[in-house]
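Engineer: sequence unknown, structure follows:
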């Protein structure tokens with residue numbers, strides 16, 4: 001086998017393996033970043049659902065205290081009004097946005 005053929009094959013092997021490993025590394029990094037992004041959005045969606053559920057539960061738990069005589073009807077109304085004035089009340093909108101944009105397969109369970 002001539003020397004030029006041996007050198008050419010060796011060079012092509014090195015270049016081909018370098019390009020191949022670069023493509024594989026790029027794809028692995030892209031998949032990892034996509035999974036990390038989706039995980040972050042899913043955590044954000046979970047947090048919004050959790051806060052929304054807590055706000056709904058606390059909204060109705062006030063009436064248990066009213067019925068047991070611990071607080072008056074007016075106090076319960078004042079507590080509900082104060083809760084409604086909080087600035088972070090956009091949880092339902094955040095949940096809907098995240099599900100529509102990133103997790104359309106969950107849409108059926110949340111409608």
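Structural biologist: Nice, thanks for sending it over. The model shown is predicted, which means the values in this text are computed figures rather than measured ones.
Engineer: which SS state does residue 41 fall under?
Structural biologist: With DSSP: H, G, I helix; E, B strand; the rest coil as the basis, residue 41 sits in helix.
Engineer: model confidence score at it, please.
Structural biologist: Per-residue pLDDT puts residue 41 at 92.
Engineer: can you tell me which residues contact the closest residue to it other than its chain neighbours?
Structural biologist: Distance criterion C-beta to C-beta, 6 or more residues apart in numbering; nearest residue to residue 41, sequence neighbours excluded, is residue 102 at 4.7 Å. C-beta: built from backbone N, CA, C; applies to glycine. Residue 102 makes contact with 38, 41, 42, 45 under the criterion C-beta atoms under 8 Å, 6 or more residues apart in numbering.
Engineer: residue contacts, the third one?
Structural biologist: Which is residue 42. Shown in contact with residue 42 (C-beta under 8 Å, 6+ apart): 102, 103.
Engineer: measure the residue nearest to residue 41 to residue 30 for me?
Structural biologist: From residue 102 across to residue 30, the span is 17 Å (C-beta to C-beta, to the nearest Å).
Engineer: same check on residue 70?
Structural biologist: Taken as C-beta to C-beta, the span from residue 70 to residue 30 is 57 Å.
Engineer: what does residue 2 give?
Structural biologist: On the measure of C-beta to C-beta, residue 2 and residue 30 end up 42 Å apart.
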